[in-house]
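>>> This is the structure alone, sequence omitted:
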């Protein structure tokens with residue numbers, strides 16, 4: 001009898017066995033102080049060389065102010081060199097790229113590419129933009145700048161700049177031509 005009793009162990013809790021709701025409910029969503037210098041610096045840090053799951057984890061940490069950046073470089077588990085600059089990574093970008101694995105979880109999943117632009121690339125883009133703007137008239141320049149501001153406000157990339165120029169130039173000419181044709185048809189009447 002005692003063996004049967006031991007196998008059917010029951011809860012020792014007395015009374016009120018109902019599960020209760022959450023004790024402390026969040027009445028408002030968490031918002032980090034966006035004007036903070038630290039928050040801006042952390043938000044501007046690029047996230048790349050990781051799988052999609054690890055990117056989501058890092059982005060969650062950044063959103064809820066749980067991200068703690070490294071103060072000194074960290075040792076790689078593969079090459080054992082102090083080469084890791086990004087927080088929560090366990091493998092340097094060089095070793096992870098050679099083995100084609102995630103630098104955080106060390107699993108071979110689809111790696112999200114790093115969108116890090118070097119200073120050289122940024123300077124080159126600025127020079128190219130200035131060259132492009134110098135060849136435009138004042139009206140074209142202002143409309144181009146407005147379009148770029150709209151794109152950055154909406155969070156779109158700067159892809160297709162050459163297509164915009166061609167479309168803009170062609171559309172302006174078409175509008176001017178149609179206005180000239182209307183003027184000529186009115187003069188003939």
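Nice, I can see it. Predicted, not measured: the structure shown is a model, and the values here were computed from it. Residues are numbered from 1 along each chain as shown.

>>> Now residue 148: which helix or strand?
helix 138-154 (DSSP states H and E).

>>> list the helices and strands that helix packs on?
Applying 3 or more CB pairs under 8 Å, 6 or more residues apart in numbering; DSSP states H and E, we find helix 138-154 packed against helix 119-134, helix 161-188. Any C-beta I mention is one placed from the backbone N, CA and C, and that applies to glycine too.

>>> start to end distance for stretch 129-145?
Start and end residues of stretch 129-145 are separated by 10 Å (CA to CA, to the nearest Å).

>>> any idea of the mean pLDDT for that stretch?
Averaged across stretch 129-145, the pLDDT comes to 89.

>>> So what's the gap between it and the chain middle?
28 Å (CA atoms, centre = their mean, to the nearest Å).

>>> how about it: buried residues?
136, 144 (16 or more other CB atoms under 10 Å).

>>> what do you get for stretch 32-44?
residue 42.

>>> got it, and stretch 86-102?
Of the residues in stretch 86-102, those buried (16+ other CB under 10 Å) are 86-93, 95-96, 101-102.

>>> Could you do stretch 46-65 as well?
Quick answer for stretch 46-65 (16+ other CB under 10 Å): 47, 49-51, 54-55, 57-58, 61-62.

>>> Next, the distance between the ends of that stretch.
16 Å.

>>> domain assignment for this protein?
Per automatic domain parsing, the structural domains of the chain span 37-111, 117-157.

>>> circling back to that earlier point, just put the buried residues of stretch 86-102 in CSV and tack on secondary structure and distance to residue 73.
Output for these, formatted as CSV (DSSP: H, G, I helix; E, B strand; the rest coil; distance: CB to CB, whole Å):
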residue, secondary structure, distance to residue 73
86, coil, 10
87, coil, 11
88, coil, 14
89, coil, 11
90, coil, 13
91, coil, 13
92, coil, 9
93, helix, 12
95, helix, 14
96, helix, 15
101, coil, 20
102, coil, 19
